[in-house]
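**Q** Here is the input, now give the coordinates:
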Amino acid sequence: MKAHKNLHIAIIILLFLPSISLLAQNSETGYEPQSRILFIFDASYSMDGKWEGDSKINIARRILIEMVDSLENLENVEMALRIYGHQSPVPPQDCSDTKLEVPFAPNNASRIRQKLRFIHPKGTTPIAHSLELSAGDFPPCSQCRDIIIMITDGVEACDGDPCKVSADLQKKGIILKPFVIGIGNDPLFKETFGCLGHYYEAPSKQQFREAMRIVITQALNATSSQINLLDTEGNPTETDVNVILYDQFSGKVRYNMIHTLNSKGNPDTISLDHLSTYRILAQTIPPVSIDSVILTAGRHNHIGLDAPQGSLIIVTAKGSKLYNTEKILVKQAGMHPTINVQKMGSVEKYIVGNYDLEIPVYPLIYLPDVEILQSYTTTVEIPEPGQVNFVSRSPGYGAIYQIDTEGNQNWVVNLRSGLTEQLFNLQPGSYRVIFRHGNVKSTMKSQIWDFTILSGRIQTINFK
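**A** Next up is the predicted model:
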């Protein structure tokens, strides 16, 4: 185990534990989460050291009590207190010396103040272990915003690795980016704790108090932002799509919203938590996304995604309704996966580009490289079908073929077995049907009929 270092520094680590998908909303959405703040306080023996005319623990507890006072009467805020290094003196070194002294509860600020006033420095500094246990200090809550603030005067004194613990918890979606405030000018401090998150230097008590105020302000206040869905000219004119914000580290959904433009035609202003690094996905067809989005607190953030769109509609000539129930498979040009199934006659928006269409009529229509242009509706019209009705005295087996201009026979569809009458919608052209009654056990008695389909016409073929 590492020896405890009596450094004349202090750090505050702010970690967010997102227990819900929507971390924060403004009053317009009707959703206001509960913010729960867990203080982790260092009471190791080095906190008894002197700093600016007093002991470090006296300065730290006074400033922490000031913070508790300021938070006590805030709506939708609860607090709790975990302390380490206060139960077992050193030597020997007790790396399990950490305890939740005041659990979360309404109106418990007086209990936190009372506990802080009567703590005496004794033991070691198990930072990593305290962070690990703190994840379990928050009772289950579906609409809570969970915050950790750690105050300590030294680096990890046990075998733990706080940076690794923090990174692991972030990847699991338990915590977000921390804030680190260092009292003093030790050059090793930033190097040691910079991996935990945002670092602030505070060489005096006043700067320490101001840094804590900044941390709390940033922790409890959202950041003004807007998401710009850009057209081909780079203007934020696209809108009305679902936008999803994922935490980049954990992959969990932080925000879900339908993008809109405000009354002035600009992207609507939204409030976001700047502590996350985001992957933002706009659910266009196909979706577009941007990774590693970092927000800057204290200013209005513009987030741009290239999302130029045009529209596509597939219709039948002469307004025929025979294909009204058909659904078209849409793929990006030259690519295999289907990205959308579009109903015949409906209008869908797509990202500007070329698309391959498969229209599941008889015969199958394949249209490659259909171009979608910005703010333009591409209309694809297919011929009006005709109909053929097959009638037989008994069920049988058969298949329909299309005869192309070179006389080749191309399979279209098999007849449905077990029926004596069946109707098919077919595209205009020349066809052949081969049929055998099911009760006829001679292959050579298969029947062959050639016929022509005309748009809007129906004909009947009676099998002998």
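**Q** residue contacts, the nearest residue to Asn256 once chain neighbours are set aside?
**A** Sequence neighbours aside, Ile244 is the residue nearest to Asn256 in space, at 5.7 Å (criterion: C-beta to C-beta, 6 or more residues apart in numbering). Using the backbone N, CA and C atoms, a C-beta is placed for each residue, glycine as well. With contacts defined as C-beta atoms under 8 Å, 6 or more residues apart in numbering, the neighbours of Ile244 are Val253, Tyr255, Asn256, Ile280, Leu281, Gln283.
**Q** packing partners for the helix or strand containing the fourth one?
**A** The one in question is Ile280. Element membership for Ile280 (DSSP states H and E) is strand 277-282. For strand 277-282, the packing partners by 3 or more C-beta pairs under 8 Å, 6 or more residues apart in numbering; DSSP states H and E come out as strand 223-230, strand 242-247, strand 288-294, strand 301-306.
**Q** In JSON lines: the ones you listed, plus distance to Thr460.
**A** As requested, the helices and strands packed on strand 277-282 are exported to JSON lines (distance: least, C-beta to C-beta, whole Å):
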{"stretch": "strand 223-230", "distance to Thr460": "54"}
{"stretch": "strand 242-247", "distance to Thr460": "49"}
{"stretch": "strand 288-294", "distance to Thr460": "51"}
{"stretch": "strand 301-306", "distance to Thr460": "55"}
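**Q** Out of those strands, the one nearest Asn425 is which?
**A** Nearest to Asn425, of all the helices and strands packed on strand 277-282, is strand 242-247, at 35.3 Å by C-beta to C-beta.
**Q** what lines up beside that closest one in the sheet?
**A** strand 253-258 (antiparallel), strand 277-282 (antiparallel) (DSSP bridges).
**Q** Go through these and name the closest to Ile339.
**A** strand 277-282 (14.1 Å).
**Q** all helices of the protein, in order?
**A** With helices called from DSSP state H, the chain shows them at 56-72, 109-117, 127-134, 162-171, 187-193, 205-220.
**Q** right, so these: which one is the most enclosed?
**A** helix 127-134 (a mean of 23; mean count of other C-beta atoms under 10 Å).
**Q** re the thing from before, weakest of the strands paired with strand 242-247 in terms of mean pLDDT?
**A** Lowest mean pLDDT of the strands paired with strand 242-247: strand 253-258, a mean of 92.
**Q** Got a quick ChimeraX command for the buried subset of the contacts of Ile244?
**A** Filtering these down to the buried ones (16 or more other C-beta atoms under 10 Å) takes a single ChimeraX command:
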select :253,255,280,281
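**Q** Adding distance to Pro236, write the contacts of Ile244 out as JSON lines.
**A** Converted to JSON lines, those look like this (distance: C-beta to C-beta, whole Å):
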{"residue": "Val253", "distance to Pro236": "23"}
{"residue": "Tyr255", "distance to Pro236": "18"}
{"residue": "Asn256", "distance to Pro236": "20"}
{"residue": "Ile280", "distance to Pro236": "14"}
{"residue": "Leu281", "distance to Pro236": "17"}
{"residue": "Gln283", "distance to Pro236": "17"}
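**Q** quick one: low-confidence parts of the stretch 201-350 of the chain?
**A** 202 (pLDDT under 70).
**Q** related to what we said a few turns ago, I'd like the helices of the chain as CSV, with distance to Thr296 appended.
**A** Converted to CSV, these look like this (distance: least, C-beta to C-beta, whole Å):
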stretch, distance to Thr296
helix 56-72, 24
helix 109-117, 32
helix 127-134, 27
helix 162-171, 20
helix 187-193, 20
helix 205-220, 11
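**Q** nearest to Lys327, of these?
**A** Of all the helices of the chain, helix 162-171 comes closest under C-beta to C-beta, at 39.8 Å.
**Q** list the helices and strands that closest one packs on?
**A** strand 11-18, helix 127-134.
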